[in-house]
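Participant: no sequence on this one, just coordinates:
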């Protein structure tokens with residue numbers, strides 16, 4: 001008999017047919033004549049009920065069918081007389097692939113806290129919550145590639161190992177093959193990286209942007225989508241040491257084009273989730289965040305407000321609100337400031353632009369006022385900043401001067417500076433943290449709960 005996935009069975013509308021299903025037992029109940037097994041194979045949130053005539057299935061098999069066990073069922077799909085389900089399977093034969101000792105299996109039929117589930121991240125994908133999260137995560141990854149492919153962007157693979165620090169923050173994980181117990185030293189007594197694998201000091205990337213710009217200045221429009229790493233000791237619900245980033249770069253895009261791309265991209269992703277993850281979103285709305293669906297529709301249905309940084313500061317200072325972090329011109333806004341602008345003042349997503357030069361990265365295009373740069377942050381309800389980007393500085397002289405002003409290592413950035421010497425062009429781009437997007441789309445509040453195996457300070461399990 002043909003093996004079918006539960007999602008296909010429930011969507012097909014078919015009944016009165018022989019089939020095979022495979023999955024994990026969520027529950028088993030019954031009486032002396034019949035047993036009812038709730039089976040889930042991860043393809044959707046719904047379980048499929050298996051009806052077992054105890055006279056047909058040996059007791060030696062039935063005793064091993066407990067919560068968590070993995071089984072194969074051969075049987076007949078029939079219309080279900082019970083309410084709440086269209087079909088069920090009348091079992092003819094059951095094979096137990098793997099047992100689960102009910103005394104030790106951690107996922108019994110009861111509510112488990114998200115904190116507890118982080119400790120058993122190797123099992124939590126079997127829960128309803130994490131099944132939903134991971135299916136939504138897949139859908140968002142697919143939608144990202146679909147969006148950019150439809151809009152003429154090329155998928156560009158940037159290196160994970162790099163000698164440059166895109167953000168200039170220095171919080172990078174070092175990559176080396178040197179013996180840490182016997183490091184070679186040069187004449188100055190410093191580590192001799194010429195003896196290392198790459199002949200120089202290298203790190204895990206914090207962003208694919210710089211290399212992505214090179215792609216855009218040849219192919220016109222590119223996007224990266226890959227892992228990035230930050231060695232920041234930040235134990236917050238929004239930060240992880242390893243996370244995925246989406247970074248489009250487009251030649252001949254100015255700041256206005258960049259804003260339009262960011263808004264269209266985000267609305268596309270959220271609408272894709274609403275259209276293709278309805279069951280999982282309804283579950284997350286019911287179990288974790290009763291405002292989730294309203295918030296997703298809120299973003300899709302409202303135009304994003306374009307707002308000058310300077311005006312934003314004036315609004316915050318005039319609000320009369322006592323913020324935990326005071327704000328004045330020149331400060332980097334905190335989440336509480338961003339959420340006030342979105343949720344209370346404008347009541348729609350906000351794109352904040354033209355930030356002070358001193359709080360933004362070296363590569364952002366400088367405005368004629370000499371004080372601000374053409375940076376932009378997209379601010380969302382509940383989460384604050386979800387996208388950061390800018391028009392890039394295309395003028396060699398200005399970019400070189402900024403690198404020198406910040407004391408950055410020109411020897412490691414020579415190739416990036418060279419792109420402004422030969423055929424430089426206006427270009428723009430932004431970065432969207434994939435995991436932060438998942439926080440917004442699922443309604444969960446901690447980045448550790450939208451990643452399969454989170455990497456945070458002092459935690460690299462599984």
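Facilitator: Thanks, I have the structure now. Because the structure is predicted, anything quoted here is derived from the model rather than measured. Residues are numbered from 1 along each chain as shown.
Participant: Just give the number of residues close to residue 108.
Facilitator: Using other CB atoms under 10 Å, the number of residues around residue 108 comes to 12. For every residue, glycine as well, the C-beta is placed using N, CA and C.
Participant: show me the contacts for the residue nearest to it when sequence neighbours are not counted.
Facilitator: Closest residue in space to residue 108, ignoring its immediate chain neighbours: residue 67 at 5.9 Å, by CB to CB, 6 or more residues apart in numbering. Residues in contact with residue 67 (CB atoms under 8 Å, 6 or more residues apart in numbering) are 25, 26, 27, 28, 100, 102, 105, 107, 108, 109.
Participant: Three-state assignment for residue 67, please.
Facilitator: Secondary structure, DSSP: H, G, I helix; E, B strand; the rest coil: residue 67 is coil.
Participant: ok, now how distant is it from residue 221?
Facilitator: For residue 67, the distance to residue 221 equals 50 Å [CB to CB, to the nearest Å].
Participant: Likewise for residue 55?
Facilitator: 66 Å.
Participant: the more surrounded of the two?
Facilitator: Between residue 55 and residue 221, counting by other CB under 10 Å, residue 221 is the more crowded of the two (21 against 8).
Participant: which stretches of the stretch 101-250 of the chain have low pLDDT?
Facilitator: 165-170 (pLDDT under 70).
Participant: What segments of it are helices?
Facilitator: Counting by DSSP state H, counting those that start in this stretch, the stretch 101-250 of the chain has helices at residues 114-119, 128-150, 209-219.
Participant: show me the residues around residue 34 that make contact.
Facilitator: 51, 52, 53, 54.
Participant: before we move on, back to that, which of the helices of the stretch 101-250 of the chain sits most buried?
Facilitator: Across those, the average number of neighbours (mean count of other CB atoms under 10 Å) peaks for helix 209-219, which reaches a mean of 21.
Participant: distance between that one and the chain's centre?
Facilitator: 23 Å (CA atoms, centre = their mean, to the nearest Å).
Participant: Report all helices and strands that it contacts.
Facilitator: When contacts are defined as 3 or more CB pairs under 8 Å, 6 or more residues apart in numbering; DSSP states H and E, helix 209-219 packs onto strand 221-229, strand 242-251, helix 410-418, strand 427-433.
Participant: closest to residue 303 out of the ones you listed?
Facilitator: Nearest of those to residue 303, taken as CB to CB: strand 427-433 at 18.1 Å.
Participant: what lines up beside that closest one in the sheet?
Facilitator: Applying DSSP bridges, strand 427-433 is found paired with strand 242-251 (antiparallel), strand 384-391 (antiparallel).
Participant: Quick check: buried residues in the first one?
Facilitator: Buried residues in strand 242-251, defined by neighbour count with 16 or more other CB atoms under 10 Å: 242, 243, 244, 245, 246, 247, 248, 249, 250, 251.
Participant: next structured bit after it?
Facilitator: Of the helices and strands lying after strand 242-251 in sequence (DSSP states H and E), the nearest is helix 255-276.
Participant: shouldn't residue 99 be in contact with residue 61?
Facilitator: No: between residue 99 and residue 61 there is no contact under CB atoms under 8 Å: 10.8 Å.
Participant: Tell me the secondary structure at residue 438.
Facilitator: When classified by three-state DSSP, residue 438 comes out as helix.
Participant: likewise residue 51?
Facilitator: Per three-state DSSP, the local secondary structure of residue 51 is strand.
Participant: Tell me, how many residues neighbour it?
Facilitator: Residue 51: 18 surrounding residues under other CB under 10 Å.
Participant: ok, which stretches of the stretch 251-400 of the chain are strands?
Facilitator: Assigned by DSSP state E, counting those that start in this stretch, the stretch 251-400 of the chain shows strands spanning 305-308, 350-356, 372-380, 384-391.
Participant: If you count neighbours, what's buried in stretch 319-331?
Facilitator: Neighbour counts over stretch 319-331 (16+ other CB under 10 Å) mark residue 327 as buried.
Participant: report the longest strand in this protein, please.
Facilitator: strand 17-30 (DSSP state E).
Participant: Now do that strand against helix 128-150, angle only.
Facilitator: Here strand 17-30 runs at 140 degrees with respect to helix 128-150, directions being taken by axes from the mean of the first three to the mean of the last three CA atoms, to 10 degrees.
Participant: any idea how far strand 17-30 is from the chain center?
Facilitator: 32 Å.
Participant: Okay, angle between whichever helix or strand comes after that strand and helix 128-150 too, please.
Facilitator: Remark: after strand 17-30, the chain's next helix or strand is strand 34-40, criterion DSSP H and E. Angle of strand 34-40 versus helix 128-150, following the same axes, to 10 degrees, is 40 degrees.
Participant: Mind listing the strands strand 34-40 pairs with, and their directions?
Facilitator: Going by DSSP bridges, the partners of strand 34-40 are strand 17-30 (antiparallel), strand 48-53 (antiparallel).
Participant: Any idea which of those strands gets closest to residue 289?
Facilitator: strand 17-30 (23.3 Å).
Participant: Residue 257 reaches residue 427, doesn't it?
Facilitator: No: the pair residue 257 / residue 427 is not scored as a contact, 9.8 Å apart, by CB under 8 Å.
Participant: Okay, the residue of the chain positioned farthest from its centre and residue 71: tell me how far apart.
Facilitator: Distance to the chain centre peaks in the chain at residue 55, reaching 49.0 Å (criterion: CA atoms, centre = their mean). Relative to residue 71, residue 55 is positioned 19 Å away (CB to CB).
Participant: repeat for residue 172
Facilitator: Distance, residue 172 to residue 71, by CB to CB: 47 Å.
Participant: Equivalent analysis for residue 455, please.
Facilitator: Residue 455 is 34 Å from residue 71, by CB to CB.
Participant: higher neighbour count, these two?
Facilitator: It is residue 71, of residue 455 and residue 71, that has more neighbours when counted by other CB under 10 Å, with 22 against 16.
Participant: The more buried one: which element?
Facilitator: Per DSSP H and E: residue 71 is located in strand 70-79.
Participant: That strand versus strand 34-40: what angle between them?
Facilitator: Strand 70-79 runs at 110 degrees relative to strand 34-40, counting by the same axes, to 10 degrees.
Participant: Residue 120: neighbour count?
Facilitator: Using other CB under 10 Å: residue 120 sits among 15 other residues.
Participant: Who are the contact partners of it?
Facilitator: 106, 107.
Participant: Check which residues of stretch 33-52 are buried.
Facilitator: Under 16+ other CB under 10 Å, the buried positions of stretch 33-52 are 35, 37-41, 43-52.
Participant: I meant stretch 100-116, not that one.
Facilitator: Across stretch 100-116, burial judged by 16+ other CB under 10 Å covers 100, 107, 114.
Participant: Would you check that the second one makes contact with residue 125?
Facilitator: The reference is to residue 107. No: the criterion here is CB under 8 Å, and residue 107 misses it with residue 125 at 10.4 Å.
Participant: ok, the nearest residue to residue 118 once chain neighbours are set aside - how many residues close by?
Facilitator: Spatially, and ignoring its direct neighbours in sequence, residue 118 is nearest to residue 448 (5.7 Å; CB to CB, 6+ apart). Using other CB under 10 Å, residue 448 has 21 other residues around it.
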